[in-house]
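>>> could you work out the structure for the sequence below:
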Amino acid sequence: MVEAQNYVFKAQSALPTGGATRQLTGDFDLRISKDTILSDLPYFGRAFTAPLNPSEGPLRFTSTDFQYAVSNRKKGGWNVTITPKDVQDPRQLTMSIFDNGTASVVVTSYNRQPISFNGYVTDKK
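Purely as a prediction, here's the structure:
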């Protein structure tokens, strides 16, 4: 499912840089398919520039032009690197997926502090 690019990452907690872990109560996810990345993740942290449209969340985007790279982890699971090319922000999403289905995502940005998410990976319904 990871190499076939057909899964959903469900975020359960957010770890902002320099802040406390926040448990997420809403339905926040990152949907991956061969032709589209659909992100609906929250952001907590510091921005270095003001957003052009403050009503849009910084991690709510759709990308159809992106680079997707998968490598095997030494102790099982996968490392996935996603680099969107058709959105201004974020710069890169780095995902560690473990054999038991849990996963973590680190989002690096051009204009914001990095943020991490913990959760799990599931099949697309």
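
>>> switch to C-alpha atoms for all contacts and neighbour counts from now on
Noted.

>>> so where's the chain shaky on pLDDT?
Residue ranges of the chain with pLDDT under 70: 50-58.

>>> and the strands in it, which stretches?
Residue ranges of the strands in the chain, as given by DSSP state E, are 7-16, 22-32, 37-40, 60-63, 66-72, 78-84, 92-97, 102-108, 115-123.

>>> any chance of the ones you listed in JSON lines with mean neighbour count as columns?
Formatted as JSON lines, these follow (neighbours: other C-alpha atoms under 10 Å):
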{"stretch": "strand 7-16", "mean neighbour count": "21"}
{"stretch": "strand 22-32", "mean neighbour count": "16"}
{"stretch": "strand 37-40", "mean neighbour count": "18"}
{"stretch": "strand 60-63", "mean neighbour count": "17"}
{"stretch": "strand 66-72", "mean neighbour count": "13"}
{"stretch": "strand 78-84", "mean neighbour count": "19"}
{"stretch": "strand 92-97", "mean neighbour count": "20"}
{"stretch": "strand 102-108", "mean neighbour count": "20"}
{"stretch": "strand 115-123", "mean neighbour count": "19"}
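
>>> I'd like those strands laid out as a markdown table, including distance to residue 48.
A markdown table is the format used below for the strands of the chain (distance: least, C-alpha to C-alpha, whole Å):
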| stretch | distance to residue 48 |
| --- | --- |
| strand 7-16 | 15 |
| strand 22-32 | 22 |
| strand 37-40 | 21 |
| strand 60-63 | 18 |
| strand 66-72 | 24 |
| strand 78-84 | 20 |
| strand 92-97 | 17 |
| strand 102-108 | 13 |
| strand 115-123 | 14 |
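
>>> I'd like to know which of those is closest to residue 49.
strand 102-108 (14.8 Å; C-alpha to C-alpha).
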